[in-house]
Every structure is written in C-alpha cells, then in structure tokens.
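Participant: sequence first, predicted coordinates after that:
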Amino acid sequence: MEATQRMACNADIINPLFSMGMQVSCVLVLSHFFHLILKPFGQPGPIAQILAGLVLGPSALSNIRAVKNSFQSSTEDYYQILGLFSRIFYMFLIGLQMDLPYATRNTQKAAAVALGGAATCFAFSAAVSVVLFKELDIQGNGFLFDLSLMVLTANAASPVVLRLAVDYKLSTSDVGRLAVCSSLVNDIGCAFLLCIVSIFSGHKSKIGERVGNGFSCLLLLVAVVLLNRHLSQWLNKRNRHLKHLRNTEFFCVLSLIIATAMFVEWSGYSSIIACFLMGMMFPREGKTARTLLHKLSYSIHTFVLPVYFGYIGFQADLKRFGNLSDGLIVLSVVLLSVGGKITGTLAACRRLNIPMMEGVVLAFLMNVKGNVDLVLINSVSDSIKWTTRANEVFIITMVINTVIVGPVVAFILSREAKYFGYCQVPLEKLEVEEERELRILACVHGPRHLPTMARIIQSSNGRKNTTVSPFLMHLIELPDKNRSNLMYNQLQDDELSDDDDDDYGGNDVVEINDTVDAFFSETGIMTRQLKVVSPFATMYEEVCNGAEDLRVSVVLLPFHKHQRIDGKMESGKEGVRITNQKVLRHATCTVGILVDRGFWVVGGAPQVGFEVPQHVAILFFAGADDREALAYGRTMGMHAHVNLTVIRFLPESSKDHDAGMSIAAYKEEVLMSIPCRENEDEEDNTFLANFYNRYVTSGQVGYVEKYVDNGEQTVNALKEMGDMYSLFIVGKGGRGQCPITTGMSDWEECPELGTVGDLLASQDFDGSVLVIQQHRNQNMELMDD
C-alpha cells in the first residue's frame with residue numbers, strides 16, 4: 001500500500017510508467033526466447049521467465065549504463081503494485097479452479113506433507129538464526145527475525161507449484177494434485193505467520209489497533225463471500241441467452257474482489273489468504289464463474305505470470321556471490337531450505353505410504369518460493385531493520401531455490417517417464433475395496449446426448465469408496481475455409497463471421513451450460529468443461545490427447561445415429577462415426593459408445609426425475625470387453641435408484657453338463673465354482689465368480705442365465721428382453737469364435753459397436769445401449785487412417 005501511495009503522489013508518472021512498459025515488454029520477449037531454448041530440455045515456463053528477469057536485472061544488463069538509465073529505479077513502486085494485483089488475481093483464480101472434492105478427501109494427507117516439510121525447516125532455521133542475525137547486522141527484534149527466517153525457508157509458493165505441475169503435465173496426477181494442495185496449505189500457514197509478524201513488527205501501542213483491523217478484515221471477507229453468492233445467482237439469471245457475462249457485469253464482480261483485497265492490504269495484512277478464500281467460496285455453477293475463469297485464465301497465464309516471475313528474477317543481484325561471506329550465507333540458507341524440505345517431506349511420505357520417487361518430486365516442488373517471500377521481504381524489512389545486504393541475500397536465495405527445482409524435477413521425470421506417465425489400468429484389474437477416483441471424459445457434439453450422458457455419470461457414483469470426477473468435452477467441427485477472390489465488400493453476410501473460437505458452437509453452448517448447471521444443482525457433482533474446435537479428420541487426436549492429459553479411466557462417445565420423435569434411428573454426420581472409430585483404435589483407456597434413446601423409464605418423458613428406479617442390464621458373453629463392461633457396471637449397481645441385472649449367455653449344451661454356476665455354502669462363506677470347459681476362458685470364470693460372490697449373493701445385483709445354441713437363438717433371447725431395460729451395457733467384442741454369436745455378424749451394419757451392440761442399436765430395441773471396449777496394447781484394425 002505504501003508503494004501505491006508513493007505512485008499516486010508522484011508528480012512525474014509518465015517516465016517511470018514508460019520505463020516499466022519497456023521492461024515488461026523486454027521480460028515478455030526474453031521469457032519467450034528462453035522458453036523456446038529450454039523447452040526441449042524439459043524446463044517449464046516459470047524458470048525461463050525468472051531467467052529473463054535475471055538477464056534484465058542488476059545481475060547482467062542493468063550493469064550497462066544506458067540500460068540502467070532507461071530502466072529507472074523509480075519503477076520499483078510500479079512493480080510492487082503490479083505484483084500486488086498479480087497476487088490478487090492469481091490467488092483468486094487458484095481458489096476458483098481448486099479441485100474441492102480432491103482437497104476435501106485428501107486434506108489430512110496434504111496437511112501432513114506441508115507440515116512435515118515446514119517443521120524441519122523451522123527446526124533448521126532456528127538452529128542457525130542466531131548466527132545469521134549477527135552476520136547480517138540485523139538491528140531489530142531477534143524473535144521476529146527468527147520467525148521471518150522460518151517463513152522464508154518453509155514457504156512453498158502455490159502459484160509457482162501450480163504452474164510447474166501444469167507444465168510438467170502433473171496437474172491431473174496424484175503427485176501433482178497432492179503437491180498443489182500441500183503448497184496451498186503451506187502458503188496459507190505461512191501467510192498466517194506473516195500476519196503475526198505484521199502485528200508485532202510495529203510499535204507495541206498499535207498492536208490492539210492491528211488486531212481490531214484483523215477482525216474488521218475477517219468480517220468484511222465473510223460479508224463479501226455471502227454477497228458473491230447472491231450476486232452470482234442474480235447475474236446467472238440475467239440474459240440467459242448469453243454464454244458469458246457482459247463486460248460491465250464482469251468488471252463489477254472483479255471490482256468487488258479488488259476492493260476487498262485492497263482494504264485488507266490497507267489494514268496492514270497480506271491479501272493472499274483473503275483472495276484465495278474468495279475464489280474458493282465463489283459459486284462454481286453458472287456463467288458468472290464461467291466468465292471469470294475464461295477471462296482471467298488467458299490474461300493471467302499469458303501476461304501477468306511472465307511479468308510476475310520476471311520481477312522475481314529482476315530483483316536478484318548475483319554479484320553478491322563475489323563476496324565470499326555473502327556467498328556462504330546464500331549457500332547455507334539454500335541448503336537449509338532444500339535439506340529441510342527433503343527430510344521433512346520424505347518423512348511424511350513414509351508415514352503416508354507414498355512411494356519414495358513421488359516423495360522426492362514432492363519435496364522439490366514444495367521448495368519453490370514466491371509470493372509470501374516477496375511480501376515478507378518488502379513489507380517487514382523496515383520494521384525488523386533489515387539491511388540492504390540482507391534483502392539482497394534473501395532474494396537471491398529465493399530465486400536459487402526456485403530455479404534449481406526445474407532441472408532436478410525435469411531430470412527425475414525424464415528418467416522415470418514410465419513411472420510418472422499416463423498408464424491406465426483396466427477397470428477389471430482395480431481392487432474393489434480400494435478408495436479410488438473414477439475419471440470420466442464424456443464427449444458430446446451438441447446438447448442432444450448430454451442428458452443421458454449426465455445420468456450415466458450420476459449412476460456411476462454409487463459406490464461409497466469411488467468418487468466420480470467427470471469432464472465434458474464439447475466437440476465442434478471446424479469447417480474447411482473456402483478461398484475466395486472476392487473483395488471484402490463483395491462477400492455475403494454469412495462470410496463475414498468472426499473467427500473467434502469462442503463463437504463456435506452457437507446456441508448449443510448455452511444449452512450445454514444450462515444442462516451442466518442443472519446437473520450440478522441436482523447432484524452436487526462438479527463437471528469440468530472443455531471445448532475442442534477441430535476438423536473431423538483430426539478430432540480423434542484431441543480426444544485421445546485430452547484423455548491422456550486428464551488421465552481419465554473411461555471415454556464416453558455418442559453414437560453417430562440419433563433417435564427421431566417417431567422412435568426410428570437417423571444417421572448423423574459421417575465424421576462423427578469416423579471419429580468414434582479412430583478413438584476406439586488410438587485411445588489408451590477404456591472407451592464406451594452410447595446409443596442414446598434416453599436413460600429414463602422406457603416410454604416415459606425426459607422430464608421424469610432420476611428418483612424413478614432404472615432397470616439396467618449387463619450382457620455377458622465372454623472376453624475382455626465383457627469383463628470391462630461388467631467392471632464398469634458394478635459401479636452403477638450400487639446406486640440407490642438403479643436395479644442392475646447381469647445376464648450371462650451360455651451354450652445350451654452346457655446346461656446338461658452342469659457348466660453353469662453351482663453355489664455351495666461352506667460354514668459362513670458363500671462360494672461359487674464354475675467348472676472349466678475347454679473353450680471357456682479361465683479369466684472370465686475367475687472374474688465372474690468374484691463378482692457373483694460379492695454382489696449377487698448379497699442381493700445387490702440380479703443374475704440370470706440364458707442358454708442358447710446359436711446366433712439366431714441369441715437374437716430371439718435379446719428381443720424378448722428388448723423392452724424390459726432402459727439401458728444395456730455390453731462389451732464390444734474380443735470373444736473369439738464364440739458359438740452363441742455365430743452368424744450375427746452377417747447383417748452387421750456398424751462394426752464399431754461389435755456384433756451384439758450393433759443388434760441392440762437396431763430399431764427392434766427401445767433402451768439405450770452402452771458398448772464398452774477395454775484398452776488393448778495392440779492396435780485394432782477397424783479401418784485405415
């Protein structure tokens with residue numbers, strides 16, 4: 001706030017502002033240059049941006065007189081103000097983007113990791129603080145210096161950790177998300193200690209005044225959080241036909257956030273915690289939150305963060321290493337921070353049974369420095385009476401701690417690429433008792449298939465130890481641009497359309513957003529939305545790359561045919577079908593194709609609520625795909641409003657030879673044995689036996705056996721149950737030469753659905769169909785690319 005007052009009172013604000021504009025431009029240019037050079041070596045963007053600041057700062061180019069004169073020292077106040085607004089916007093954005101379900105489930109684990117690293121750093125800092133206090137000629141309060149040194153060594157800058165996790169493609173992995181949550185816990189704790197330092201750093205007579213200001217800030221924060229909820233609901237109801245808020249409405253919401261943060265800063269406290277809490281408590285549904293995410297993300301990641309990280313490097317003067325004593329102090333503080341983080345984090349990871357390799361990556365990611373350190377150095381240096389030498393030493397240690405993380409983590413990730421890479425385990429291989437997260441990527445080309453997709457996602461959230469994390473990818477065709485030799489004034493109105501990607505999708509985007517918001521209001525399941533604009537020829541790449549980046553377990557795709565009002569199936573665009581076929585071939589996870597006839601009561605209207613029980617059937621023949629379908633279906637069977645029935649098809653000849661299921665009770669255990677047959681896969685027997693013993697014998701899932709001789713009898717059996725279930729789940733194929741489906745492929749129309757799925761998609765059946773394919777290592781030969 002002092003920098004703001006000095007800037008406002010400055011008579012000549014043009015020259016410093018022009019100088020800062022030159023510096024910002026140079027930082028952006030140099031950061032992009034360094035990023036192009038360092039990216040092949042696995043270095044993330046923040047490292048390149050800090051190096052750009054080092055090159056422009058007193059460590060390099062600012063030693064030249066012409067550069068030093070053009071980069072005036074009076075721009076320091078402008079940089080502090082820019083850093084303040086950067087923290088306000090970015091901490092609010094971090095809170096708005098925070099994965100609350102994951103953070104809620106892993107609060108204790110994140111707190112343990114943060115506390116483990118911070119505790120050892122506190123202990124190491126307390127051991128050497130007396131020596132540093134004398135060596136740096138600190139004249140102020142020794143206790144406040146000790147507390148400040150502990151914060152400087154123990155802090156983990158959550159904005160930097162988040163950017164590193166994104167650049168290293170760890171933001172969706174368990175280790176990356178745990179690092180982000182732990183850094184947030186650490187950041188908030190250190191910011192709280194910073195508030196304590198601020199309270200006791202001034203004159204003793206003003207301590208009561210600062211405490212009162214703190215309570216005022218707390219009351220204001222609570223009031224703003226409540227106001228944001230009502231304001232967001234009111235704005236969401238205005239102009240329902242618009243995808244985003246108007247600019248005036250957006251700036252009104254943003255001004256409220258800025259005003260609250262500035263009041264906290266004016267009261268003598270850091271606004272880091274307040275901005276984060278305002279973002280975390282902001283309503284996630286509706287176009288208000290969607291607009292804030294859309295407008296803030298691009299500007300912050302493109303302009304604000306490069307300048308912010310560049311300013312960190314710009315403040316460091318590496319010439320201090322020329323002095324032996326200063327170099328030893330910098331080295332000792334860096335070793336204290338790194339050693340404390342590694343020791344404490346690895347101890348916490350050992351306690352939490354986290355693998356050693358993940359613990360090492362966590363330790364180094366938790367060692368980056370940033371916002372709290374800058375605030376501490378800039379705000380309390382006067383009250384503690386730090387010398388210029390102490391300031392420069394601690395800024396250098398902050399920069400070095402952050403810079404060394406990039407090469408170390410990049411080396412570990414490149415060496416252990418297979419360990420940290422995306423490796424999806426089939427659903428049938430997952431242990432039932434394990435607490436796990438089911439990440440689903442639902443793809444839609446429009447709002448038509450979204451209601452059924454949403455109901456399937458909701459019904460997949462039936463198990464207590466399984467959390468569903470859905471992602472919605474809106475696939476939009478990018479039409480080929482036809483070249484024209486006409487002049488601008490000769491073009492037709494429809495040829496003058498805007499090329500902005502945000503305009504693609506038309507009114508479908510509004511309908512999809514409304515459906516997603518209604519789904520969240522009804523179920524409480526937060527769906528993260530993505531939009532892909534691509535020609536059909538390369539759309540499958542976007543889907544597959546998105547599945548890998550998000551580390552999803554299942555990809556759901558809509559069938560290229562849709563049901564008309566009269567109940568008949570009508571073909572859509574051929575590009576949709578080709579995209580489905582290519583995703584089936586190239587996806588590295590389980591893929592499901594949905595034939596949508598409405599996941600409701602058969603014959604009912606789509607307005608029927610999901611509280612009406614739905615009858616779902618899993619058809620089991622043989623093979624890996626059927627096992628995967630059964631594994632996915634067991635998550636739906638635990639839902640309170642889903643009646644799940646497993647229907648197994650067996651040869652008629654096996655009925656006389658007792659090749660079905662014989663159940664015998666031994667003491668208190670219910671066992672099921674399936675006699676082996678020559679043509680039956682032992683893996684099918686084992687998996688189905690475990691499923692039967694766990695779910696069927698307990699009455700949670702129904703079980704039926706159908707005995708048939710050939711494909712014709714199988715078709716007749718399927719037609720008999722065609723109107724009994726609102727959803728059929730079946731594997732795509734992988735059954736080999738199955739005698740009970742022989743001949744069914746003679747009239748197969750859509751090979752991507754498999755033999756049974758293609759039959760269920762015909763007009764003889766009324767229920768929706770979900771065809772599941774398990775990921776295979778070898779490529780599937782559906783079609784040539």
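Facilitator: In hand now; what should we look at?

Participant: which parts of the stretch 301-450 of the chain are helices?
Facilitator: 305-315, 324-351, 356-365, 371-384, 388-403, 405-415, 417-420, 450-459 (DSSP state H, counting those that start in this stretch).

Participant: list the contacts for the nearest residue to L441 once chain neighbours are set aside?
Facilitator: Spatial nearest neighbour of L441, chain neighbours left out: V552 (4.3 Å); criterion: C-beta to C-beta, 6 or more residues apart in numbering. (Glycine included, C-beta is placed from N, CA and C.) For V552, the contact set (C-beta atoms under 8 Å, 6 or more residues apart in numbering) comprises Q424, R439, I440, L441, F471, C589.

Participant: tell me, how many residues neighbour the residue nearest to the last one when sequence neighbours are not counted?
Facilitator: The spatial neighbour of C589 that comes closest, neighbours along the chain excluded (C-beta to C-beta, 6+ apart), is Q424 at 4.2 Å. For Q424, the number of neighbouring residues by other C-beta atoms under 10 Å comes to 17.

Participant: tell me how far Q424 lies from R776.
Facilitator: 12 Å (C-beta to C-beta, to the nearest Å).

Participant: coming back round to it: restricted to strands, list the contacts of V552.
Facilitator: The strands, defined by DSSP state E, take in R439, I440, L441, F471 from those.

Participant: the last one reaches L441, doesn't it?
Facilitator: Yes: F471 sits in contact with L441 when judged by C-beta atoms under 8 Å, with a separation of 4.8 Å.

Participant: report the contact partners of the residue positioned nearest the centre of the chain.
Facilitator: In the chain, the centroid-proximal residue (C-alpha atoms, centre = their mean) is T172; its distance is 5.1 Å. When contacts are counted by C-beta under 8 Å, 6+ apart, T172 touches D549, L550, R551.

Participant: which among the residues you listed count as buried?
Facilitator: Buried members of the contacts of T172, counted by 16 or more other C-beta atoms under 10 Å: L550, R551.

Participant: related to what we said a few turns ago, could the helices of the stretch 301-450 of the chain be laid out in TSV, adding distance to A640 and mean neighbour count?
Facilitator: Listed next are those as TSV, based on distance: least, C-beta to C-beta, whole Å; neighbours: other C-beta atoms under 10 Å:
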stretch	distance to A640	mean neighbour count
helix 305-315	45	26
helix 324-351	37	19
helix 356-365	36	21
helix 371-384	45	21
helix 388-403	49	22
helix 405-415	42	18
helix 417-420	38	12
helix 450-459	10	23
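
Participant: could you dump these to a markdown table with mean pLDDT?
Facilitator: A markdown table is the format used below for the helices of the stretch 301-450 of the chain (pLDDT from 0 to 100):
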| stretch | mean pLDDT |
| --- | --- |
| helix 305-315 | 81 |
| helix 324-351 | 89 |
| helix 356-365 | 92 |
| helix 371-384 | 66 |
| helix 388-403 | 83 |
| helix 405-415 | 89 |
| helix 417-420 | 84 |
| helix 450-459 | 88 |
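
Participant: of those, which is nearest L759?
Facilitator: helix 450-459 (19.8 Å; C-beta to C-beta).

Participant: which parts of the longest helix seen in the chain are buried?
Facilitator: What stands out as the longest helix in the chain, according to DSSP state H, is helix 207-237. Neighbour counts over helix 207-237 (16+ other C-beta under 10 Å) mark 210, 213-214, 217, 220-221, 224-225, 228, 231-232, 235-236 as buried.

Participant: who are the packing partners of that helix?
Facilitator: With contacts taken as 3 or more C-beta pairs under 8 Å, 6 or more residues apart in numbering; DSSP states H and E, helix 207-237 sits against helix 174-200, helix 247-266, helix 272-280, helix 287-299.

Participant: tell me which residues of the longest one come out buried.
Facilitator: Going back to what we said before, that points to helix 174-200. Those would be 175-191, 193-195, 197-199, for helix 174-200 by 16+ other C-beta under 10 Å.

Participant: how about the second one?
Facilitator: With burial defined by 16+ other C-beta under 10 Å, the residues of helix 247-266 counted as buried are E249, F250, V253, L254, I257, I258, T260, A261, M262, F263, V264, E265.

Participant: tell me the gap between that helix and the middle of its chain.
Facilitator: Centre-to-centre, helix 247-266 and its host chain are 26 Å apart (C-alpha atoms, centre = their mean, to the nearest Å).

Participant: for that helix, give the mean pLDDT please.
Facilitator: Averaged over helix 247-266, pLDDT sits at 92.

Participant: repeat for the third one
Facilitator: Confidence over helix 272-280 (mean pLDDT, whole number) is 91.

Participant: which outside residues touch it?
Facilitator: 87-89, 91-98, 100, 184, 187-188, 191-192, 195, 217, 221, 224-225, 228, 257, 260-261, 264, 371-372, 375.

Participant: low-confidence ranges in the stretch 151-300 of the chain?
Facilitator: Along the stretch 151-300 of the chain, segments meeting pLDDT under 70 span 200-205.

Participant: again, but for the stretch 651-785 of the chain
Facilitator: Ranges of the stretch 651-785 of the chain meeting pLDDT under 70: 654-681, 735-736, 746, 777-785.

Participant: try 80
Facilitator: 652-682, 722, 734-739, 741-748, 763-764, 776-785 (pLDDT under 80).

Participant: ok, now the stretch 1-150 of the chain?
Facilitator: Residue ranges of the stretch 1-150 of the chain with pLDDT under 80: 1-23, 41-42, 59, 62-80, 82-83, 137-144.

Participant: try 90
Facilitator: By pLDDT under 90, the weakly predicted segments of the stretch 1-150 of the chain are 1-32, 34-88, 90-91, 97-106, 125-150.

Participant: would you map the helices across it?
Facilitator: Counting by DSSP H, counting those that start in this stretch, the helices of the stretch 1-150 of the chain are 2-9, 14-38, 45-56, 65-70, 76-97, 100-105, 107-135, 142-154.

Participant: leaving out the residues flanking it, which one is nearest to R551?
Facilitator: Using C-beta to C-beta, 6+ apart, the closest residue to R551 is T172 (4.7 Å).

Participant: which strand or helix spans the nearest residue to Q563 once chain neighbours are set aside?
Facilitator: Residue nearest to Q563 in three dimensions, not counting chain neighbours: R597, with 5.1 Å by C-beta to C-beta, 6+ apart. Using DSSP states H and E, R597 maps to neither a helix nor a strand.

Participant: could you check how many residues crowd around R597?
Facilitator: 21.

Participant: ditto for L584
Facilitator: L584, neighbours per other C-beta under 10 Å, totals 25.

Participant: what do you get for the one 3 residues further on?
Facilitator: Counted with other C-beta under 10 Å, residues neighbouring A587 total 22.

Participant: which residues touch the closest residue to it other than its chain neighbours?
Facilitator: Counting by C-beta to C-beta, 6+ apart, C544 is the residue found nearest to A587 once chain neighbours are left out, at 5.3 Å. When contacts are counted by C-beta under 8 Å, 6+ apart, C544 touches V583, H586, A587, T588.
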